[in-house]
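> build the 3D model from these lines:
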Amino acid sequence: MRARRGAALLLFLFIIPVAIVLGALVIDLGIAFVARAEAVRAADGAALAGALGLHHHGLDSAYAWALDLALRNNIMGRLEPGGVQVDADTLTRTVAVQVRAEGIPGPFSASWGHPGTTVGARATAAVNDSGDVRLIR
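Numbers count the residues shown, from 1 in each chain. This next block holds a predicted model:
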């Protein structure tokens, strides 16, 4: 009977750190998934805005509107102008936008020396002659 004394304490001491690490991983992954969703939303909106700009005012407006909307939908505060790439094509009447944000911080991964997660998304929108825009993938 003496050999079993303290077995529960040892088990508890081994399981708690593992549970804490797994919980921290789940939180960091959740933050990465939220950042990815924000990147998709920023790319989709920017492509649609760029397509409207292309239809109403031409190529320069397509770039300006897409960049402006992408930066307004900032990805967890980490999207910089250099992280947005806009390609507009007047022949196919499409605007493609790619967004990329680096260094998305996870509260626990930062304590382990991880520099942060990089997320990105790409979207393409087309506009027809009547000004209707739609996302194409």
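
> specify the local secondary structure of F108.
coil (DSSP: H, G, I helix; E, B strand; the rest coil).

> and Q85, bridged to which residues?
Counting by DSSP bridges, Q85 forms beta bridges with Q98.

> what is the burial count for it?
Counted with other Cβ atoms under 10 Å, residues neighbouring Q85 total 15. (C-beta placed from N, C-alpha, C; glycine too.)

> and A8, how many neighbours?
A8 has 9 neighbours, counted by other Cβ under 10 Å.

> tell me how far it lies from G23.
Distance from A8 to G23, counting by Cβ to Cβ, to the nearest Å: 21 Å.

> likewise Q98?
33 Å.

> out of those two, which sits in the more crowded spot?
Just comparing Q98 and G23: by other Cβ under 10 Å the higher neighbour count belongs to Q98, 19 against 11.

> you'd agree that one is up against G120?
Yes. Taking Cβ atoms under 8 Å as the contact criterion, Q98 and G120 are neighbours in contact, 6.7 Å apart.

> tell me which stretches of the chain form strands.
Ranges of strands within the chain are 84-89, 94-104, 117-127, 133-136, based on DSSP state E.
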